[in-house]
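> coordinates for the following, if possible.
(one chain, ligands or ions: 1)
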Amino acid sequence: FRKDFMWGAATASYQIEGAWDKDGKGQSIWDTYAHTEGAIEDGTNGDITCDTYHKYLEDIKMLKRLKATHYRFSLSWSRLLPTADSSAPNAAGVAFYNKFIDGLLANNIKPCVTLYHWDLPQCVQDKGGWQSEDVVEKFKEYADFCFSQFGDRVKLWVTINEPHVQCGFGFGMGIHAPGIKGQFSPIYHTDPMNACYQVSRTMLLSHAHTYRMYSSKYRAKQNGLISITLNSDWCEPKDPSNPDHVKAAQFYIDATLGWFAHPIFKDGDYPDSMKEHILEMSKAQGLKNSRLPVLSEQEKNLIKGTYDFFGLNHYTTRLAEQITDETQAFAIHPDMPSFVYPDPSWERAGNDRLPIGSEWLFIVPTGLRKLLNYISKTYGDPSIIITENGCSTKHSVNNPGDTKQLEDEQRCRFITSYLNEALKAHLLDGVDLRGYFLWTLMDNFEWAAGYTERFGLYHVDFEDPARTRTPRKSAATFTKIIEE
Ligand SMILES: CCCCCCCCCCCCC/C=C/[C@@H](O)[C@@H](N)CO[C@@H]1O[C@H](CO)[C@H](O)[C@H](O)[C@H]1O
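Numbers count the residues shown, from 1 in each chain. Predicted structure coming up:
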């Protein structure tokens, strides 16, 4: 790896901070969603979670002990701007992040700050949220505020984390905040599946306007880098000699990674395969136009090229073939013609007691090397930063297992083997890889799975009011790799 390679861990505000209603913080859509009965698998929420708001000095010590050069975390929009109005900031929120950033820098750890990791202020949601055009201006205003407050010290920015997961989970399947199951809404969309596409457009525009605002207003003075983080599985045809399987694998990548990567890193627009298929599906349902909003020439020019690096979150791999009547029920999205599934031989994330970690996570390190090569070739050899990669164990309510799992051999292997493939992509294939952030520093609130899934290098005892953190073996493994 490069001498200046970024070695870090990653987290997100709602997943670790707690203090959900303290010191003037406003509510976010995740506060609302997690407080909704039945929304979270174990009935928990992020009200306290790791209590980083009060224990941030410990987090910094843990990072120092890991020998991390960088730390990726997100800002809570509603902690900084409780009414989403930048002329009425929450002084306590600003002070918290100032202390935190200063503490990191004092320990020689550089911050990588995500502006938005899924916790939209509830007051913005109440006015239409990501389904309203107004959000673009609001997001820009929030970003402007953050650059003005923290940009003198923060030199690495991520605008939005994993927009496609958010569109799919929050506005299609409705299993993440704000929990919209593609319902009919007379105000913002007129078709049941339209919400996730409307939202993808406002996210793209918010990202692009923010990037351009940073360039025109702050770049010369602050000299930082800014981009977006996209999540992608690697996907390959079940039978590489079958053209239908090849097409299905490519479509899956186009409609997940390409959905946002093509507009930003390629030509300003969605992949042709996605546009064509969604138009066809829309027409088959009697719609006159595609439910995927058309991006105007002006919007395409605005979006195209708005990146300084490619932020990649990667966890797992899938095989693909064309969907059939029998497999239709397993489609991840009504507009997804590819049936994707893991190879039965792949190892699952998990442990001896509960062999299935996160249900979707299969350990396929070679997928990372292939994906890095794909991104490099498809998007003109951008500098890539792996902004998330990690492995989980599951601890269900009925079968708590051993949440501590300090001897987490599988996670050690996961880190070593994925990094080894990343190194091959860099060294042997020439991919311009600049950094690696492990998900995650410590066990935390894993969205709809609550505390049932643990990804941490550090175990956190959520029964203990002190939220004691204990290093797992993987923390030492990761440190050894960083050191050497
Ligand atoms: C034709 C249109 C097709 C639309 C397709 C919609 C797709 C829906 C979304 C599918 C997502 C698949 C499941 C993916 C899961 C993970 O990769 C995801 N959890 C990654 O998010 C990060 O995960 C971490 C650990 O889970 C952590 O929680 C972090 O906060 C997330 O950023």
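> and the closest residue to residue 9 other than its chain neighbours, what is it in contact with?
Excluding the flanking residues, the one nearest residue 9 by Cβ to Cβ, 6 or more residues apart in numbering is residue 441, at 4.0 Å. The way it works is simple: take the backbone N, C-alpha and C, and place the C-beta from them, glycine included. Residues near residue 441 by Cβ atoms under 8 Å, 6 or more residues apart in numbering: 9, 10, 11, 16, 59, 62, 63, 66, 71, 456, 457, 458.
> also residue 154?
Residue 154 is in contact with 101, 111, 113, 224, counting by Cβ under 8 Å, 6+ apart.
> repeat for residue 256
Applying Cβ under 8 Å, 6+ apart, the residues contacting residue 256 are 164, 231, 232, 233.
> correct me if wrong: residue 252 contacts residue 340.
Yes. At 5.4 Å, residue 252 counts as touching residue 340 under the criterion of Cβ atoms under 8 Å.
> common neighbours of those two, please.
Residues touching both residue 252 and residue 340 by Cβ under 8 Å, 6+ apart: 233, 235, 318, 320.
> the third one belongs to a helix, doesn't it?
No. Membership of residue 318 in a helix is not supported by DSSP: H, G, I helix; E, B strand; the rest coil, which gives strand.
> element containing the spatially closest residue to it that is not a sequence neighbour?
The shortest distance from residue 318 to any non-neighbouring residue, by Cβ to Cβ, 6+ apart, is to residue 340 (4.0 Å). Using DSSP states H and E, residue 340 falls within strand 338-341.
> and what of residue 96?
Using DSSP H and E, residue 96 falls within helix 91-106.
> list the helices and strands that helix packs on?
Packed against helix 91-106 by the contact rule (3 or more Cβ pairs under 8 Å, 6 or more residues apart in numbering; DSSP states H and E) you find helix 52-66, helix 77-80, strand 110-116, helix 134-150.
> give me the buried positions along that helix.
93, 94, 96, 97, 100, 101, 103, 104 (16 or more other Cβ atoms under 10 Å).
> identify the residues contacting that helix?
Residues outside helix 91-106 that contact it (Cβ under 8 Å, 6+ apart): 23-25, 53, 56-57, 60, 63, 71, 73, 75-76, 79-80, 82, 110-111, 149-150, 153-154.
> show me how far that helix is from its chain's centre.
On the basis of Cα atoms, centre = their mean, to the nearest Å, helix 91-106 is displaced by 23 Å from the centre of the chain it belongs to.
> tell me how many other residues surround residue 384.
Residue 384 has 24 neighbouring residues, counting by other Cβ atoms under 10 Å.
> how much space separates it from residue 181?
For residue 384, the distance to residue 181 (Cβ to Cβ, to the nearest Å) stands at 34 Å.
> same thing with residue 442?
To residue 181, residue 442 is 32 Å away according to Cβ to Cβ.
> neighbour count winner among the two?
Between residue 442 and residue 181, residue 442 has the larger neighbour count (other Cβ under 10 Å), namely 27 against 12.
> what sits against that one?
Residue 442 makes contacts with 11, 16, 50, 59, 62, 456, 457, 458, 459, 460, 469, as judged by Cβ under 8 Å, 6+ apart.
> can you give me the pLDDT of the last one?
So the one you mean is residue 469. Note on residue 469: pLDDT of 98.
> hang on, residue 378 packs against residue 271?
No. When contacts are counted by Cβ under 8 Å, residue 378 is not listed as touching residue 271 (10.0 Å).
> more neighbours: which of those two?
Each of residue 378 and residue 271 has its neighbours counted (other Cβ under 10 Å); residue 271 has more, 22 against 18.
> any idea how far that one is from residue 260?
Taking Cβ to Cβ, one finds residue 271 at 10 Å from residue 260.
> likewise for residue 448?
22 Å.
> equivalent analysis for residue 77, please.
Distance of residue 77 to residue 260, computed by Cβ to Cβ: 20 Å.
> for the most far-flung residue of the chain relative to its centre, give its distance to the ligand.
Distance from the centre of the chain peaks at residue 286, with 34.5 Å (Cα atoms, centre = their mean). For residue 286, the distance to the ligand (Cβ to the nearest ligand atom, to the nearest Å) stands at 19 Å.
> what does the pLDDT read for that residue?
On the pLDDT scale, residue 286 gets 83.
> thought residue 381 was touching residue 433?
No. In this structure, residue 381 is not within contact of residue 433 by Cβ under 8 Å, at 11.0 Å.
> how many residues are close by the residue in the stretch 151-300 of the chain positioned nearest to the ligand?
Proximity of the stretch 151-300 of the chain to the ligand (Cβ to the nearest ligand atom) peaks at residue 168, 2.3 Å away. The local packing of residue 168 (other Cβ under 10 Å) involves 23 other residues.
> ditto for the one 10 residues further on
Residues lying near residue 178 (other Cβ under 10 Å) number 21.
> show me the contacts for it.
Per Cβ under 8 Å, 6+ apart, neighbours of residue 178: 29, 32, 33, 120, 125, 129, 170, 171.
> any idea how far residue 265 is from residue 93?
Computed with Cβ to Cβ, the distance linking residue 265 and residue 93 is 33 Å.
> again, but for residue 372
Residue 372 sits 36 Å away from residue 93, going by Cβ to Cβ.
> likewise for residue 127?
Per Cβ to Cβ, residue 127 is found 21 Å from residue 93.
> residues in the stretch 351-484 of the chain within reach of the ligand, list them.
For the stretch 351-484 of the chain, the residues in contact with the ligand (Cβ under 6 Å from any ligand atom) are 358, 360, 388, 439, 446, 447, 455.
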